[in-house]
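> Provided below are the primary sequence and the corresponding predicted coordinates.
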Amino acid sequence: MGGVMHHLSSLRSLLLNSSYEPMRIVSWQKALILWFQDKVEILEYHTVFARSARTSYQMPSVLRLKSYVRPRSTGAVRFCRENVYIRDNFTCQYCGDKLVAKHLTLDHVVPASKNGKKTWTNVVSACRECNQRKANRTPQTANMPLLTEPKMPSWLPTRELEIQMEMEQAPASWLEYLRFKAG
């Protein structure tokens, strides 16, 4: 029984808006509560069951809200280290290596010592090696062209939807719904 509960404790469900757009990831407890309240329909199931004294419930994997919920309007995307990494897909903008956040740094395209600002259009994700190699130079003078031009993003996926390499992989039942978000 302990093993089953341990497995249940890490079980998550993908919550979609009524438009099928991914909204967030919720615990299995929250998923069941939303279903009991008749606020969602279950589109996909995990192979795991939760059992009570009288009945058992197959754990939902993908839920869709019955009523459309307007996403929060956040306005401009906040400039911070984590959001730069998300914008750049956790990828060094010089060599193209995809890394976990703890192995990335922020690099000023035009160095701060040359009046480069700390803005969306002048800061990129870089691995430590490329950041040190570029040093106090522009990409042109260092002969290190950027893979993509840094821009201010109009949106970012919610933190909970970011499934990084170091975290568990998304269940197969989520993939077609997550592709919807990517377009």
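Yep, it's here.

> could you count how many residues lie near Glu82?
Glu82: 12 surrounding residues under other Cβ atoms under 10 Å. Just so you know, the C-beta spots here come from the backbone N, C-alpha and C atoms, and that holds for glycine as well.

> looking at this, it is in a helix?
Yes: the assignment for Glu82 by DSSP: H, G, I helix; E, B strand; the rest coil puts it in a helix.

> what's the distance between it and Ser125?
Distance from Glu82 to Ser125, counting by Cβ to Cβ, to the nearest Å: 10 Å.

> pLDDT weak spots in this structure?
Applying pLDDT under 70 to the chain flags the ranges 1-9, 72-75, 156-169, 179-183.

> what ranges do the helices span in it?
Using DSSP state H, the helices found in the chain span residues 2-9, 28-36, 81-87, 128-134, 175-182.

> now the farthest one out in the protein, which residue is it?
Ranked by distance from the centre of the chain (Cα atoms, centre = their mean), the top residue is Arg54, with 37.9 Å.

> how much space between that one and Leu32?
Computed with Cβ to Cβ, the distance linking Arg54 and Leu32 is 15 Å.

> ok, now Ala172?
Using Cβ to Cβ, Ala172 is found at 21 Å from Leu32.

> what of Trp120?
Distance from Trp120 to Leu32, by Cβ to Cβ: 40 Å.

> go on, Met23?
Shown here: Met23 relative to Leu32, a distance of 17 Å by Cβ to Cβ.

> got it, and Lys118?
Plainly put, Lys118 is 45 Å away from Leu32 if you go by Cβ to Cβ.

> for the two, indicate the residue with more neighbours.
Between Lys118 and Leu32, counting by other Cβ under 10 Å, Leu32 is the more crowded of the two (19 against 10).

> and the strand ranked longest in the chain, what does it pack onto?
Longest among the strand segments of the chain by residue count, using DSSP state E, is strand 40-51. When contacts are defined as 3 or more Cβ pairs under 8 Å, 6 or more residues apart in numbering; DSSP states H and E, strand 40-51 packs onto helix 2-9, helix 28-36, strand 56-65.

> direction included, what does it pair up with?
Looking at strand 40-51 with DSSP bridges, its partner strands are strand 56-65 (antiparallel).

> what does the strand it pairs with rub up against?
Residues from elsewhere that reach strand 56-65 (Cβ atoms under 8 Å, 6 or more residues apart in numbering): 8, 11, 13-18, 20, 23, 26, 28, 31-32, 34-35, 39-51, 171, 173-174, 177.
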